[in-house]
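**Q** Just to be clear, the model below is a prediction. Sequence and coordinates:
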Amino acid sequence: MAGSILEKGAAAPDFDLHCTPDQRLKLHDLKGKRVILAFYPADWSPVCSDQMAVYNEARKLFQQHNAEVIGISVDSKWCHLAFEQDRHLHFPLLADFEPKGEVSRLYGAYNEEDGQSKRALFVIDEQGVIQWSYLSPDGINPGADGILEALETMDNGQH
Amino acid sequence: MSTLKPPVSGSDRQTGYRGAPVTLVEYGDYQCSHCGIAHPFIKRLLAEKEKDILFVFRNFPLQEAHPAAYIAALAAEAAGQQGKFWLMHDIIFEHQDHLDGNSLLSFAEALDLDMQQFAQDWKSEALQQKVEADFESGIRSGVNGTPTFFVNGEKIAYDETYESLLHAVEREAQAHR
């Protein structure tokens, strides 16, 4: 497959993107926390909606491992806001909107043909290093089992 | 392929034939319309494949999307404390468009439950933990939406038809003959 996603051991590229219409979020602001970065193709699409709904509920499990989940797609900040409000999502959605797909490209998670993010997951440790990544086919919701296993592996590595 | 974690045990709500060659597990949400569609399929499957199936229901309430899903799950579990889990499970699915605190109480009354006990169990820490544990097991098993079905521990492809369930069950039953 042309252009593969960043893998374990790579430094997670920093970003500075809108998470609400008047706030921006930078990866390095989250140092000291683990970050689950979930790239997805589009707000409102059925598979993305199900995936985000599951992460919304699984947040409490992620937080037990000092991890916060963040969604990211090329949708605009206003689109994200409407999607978040409609689905009662309680985690940030980043707008990789301008330049379009720039951050997705840095992670190797941009679909040039469709002009949207791929469905890719990254678990980033407290120091900003990728510890696990996974590329799912666009039409398949990867769930959260891989994320939870990665977080547990990281817990065990620290003991 | 995703596998069921942990495997089915005595603490799971189960119905059907003990010792059946096929254990069918559903992760479901009482307010999810797709689970509502699957509900009569399960009833039909249990009737038509009587000796082949043990059916287990695990809770996977998406609380933010479905505000009554969690209290409905607890209500079914609370009815289960009085031996009426499956009766409550059926009533809830049959009325899934009208779920709230009042309707759930009225279902409990209709089932002639000891209401004082029900009210206590409905709010109990132990049952909340059971529902949370079901949810967590779903996440670990790779559940990515509801309903998700497992046949003898393996996730199956369900396409919202009775046939997809039937074929998965028949295939597994054949393998054990």
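**A** That came in fine, so what should we check first? Numbering: from 1, shown residues only, chains lettered A, B, ... in the order given.
**Q** ok, and the closest non-adjacent residue to B:Leu104?
**A** Excluding the flanking residues, the one nearest B:Leu104 by C-beta to C-beta, 6 or more residues apart in numbering or on different chains is B:Ala75, at 4.3 Å. Glycine gets a C-beta too; all of them are placed from N, C-alpha and C.
**Q** cool, and A:Asp14?
**A** Nearest non-adjacent residue to A:Asp14 (C-beta to C-beta, 6+ apart): A:Leu27, at 4.7 Å.
**Q** Does the one you found touch A:Ala11 like I think?
**A** No. Between A:Leu27 and A:Ala11 there is no contact under C-beta atoms under 8 Å: 10.2 Å.
**Q** Give me the common contacts of these two.
**A** Shared contacts of A:Leu27 and A:Ala11 (C-beta atoms under 8 Å, 6 or more residues apart in numbering or on different chains): A:Gly128.
**Q** Which one's more surrounded, those two?
**A** Using other C-beta atoms under 10 Å in any protein chain shown as the criterion, A:Leu27 and A:Ala11 rank with A:Leu27 on top: 19 against 11.
**Q** Need the pLDDT of that one.
**A** For A:Leu27, the pLDDT comes out at 97.
**Q** Now for it: which residues touch it?
**A** A:Leu27 neighbours (C-beta under 8 Å, 6+ apart): A:12-15, A:35, A:124, A:128.
**Q** before we move on, back to that, report how many residues lie close to the residue nearest to B:Leu104.
**A** 28.
**Q** likewise the one 10 residues further on?
**A** Residues contacting B:Phe85 under the criterion other C-beta under 10 Å number 18.
**Q** Just to check, it is in contact with B:Ala78?
**A** No. B:Phe85 lies out of contact with B:Ala78 (C-beta under 8 Å); the separation is 9.0 Å.
**Q** Quick check: B:Phe93 vs B:Gly28, distance?
**A** 9 Å (C-beta to C-beta, to the nearest Å).
**Q** Touching both of those two, which residues are there?
**A** In contact with both B:Phe93 and B:Gly28: B:Cys35, using C-beta under 8 Å, 6+ apart.
**Q** So the two - more neighbours on which side?
**A** Taking other C-beta under 10 Å, B:Phe93 and B:Gly28 do not tie; B:Gly28 has more neighbours (29 against 23).
**Q** I'd like the distance between the more buried one and B:Asp100.
**A** Relative to B:Asp100, and taking C-beta to C-beta, B:Gly28 is found at 19 Å.
**Q** residue nearest the centroid of chain B?
**A** Central residue of chain B (C-alpha atoms, centre = their mean): B:Phe57, 2.7 Å from the mean position.
**Q** That residue belongs to a helix?
**A** No. Applying DSSP: H, G, I helix; E, B strand; the rest coil, one finds B:Phe57 to be strand, outside a helix.
**Q** Let me know whether it touches B:Asp29 as I believe.
**A** No. Taking C-beta under 8 Å as the definition, B:Phe57 is not a contact partner of B:Asp29, at 10.8 Å.
**Q** What are the boundaries of the strands in the chain?
**A** By default, I'm working from chain A. A:16-20, A:23-26, A:34-39, A:67-73, A:93-95, A:110-111, A:116-117, A:119-124, A:130-136 (DSSP state E).
**Q** not quite, I wanted chain B
**A** B:13-16, B:22-28, B:53-59, B:148-151, B:154-155.
**Q** quick one, which of those is nearest to A:His90?
**A** Closest to A:His90 of the strands of chain B, according to C-beta to C-beta: strand B:53-59, at 20.3 Å.
**Q** ok, now how distant is A:Thr5 from chain B?
**A** For residue A:5 the amino acid is Ile, not Thr. The gap separating A:Ile5 from chain B is 19 Å, by C-beta to the nearest C-beta, to the nearest Å.
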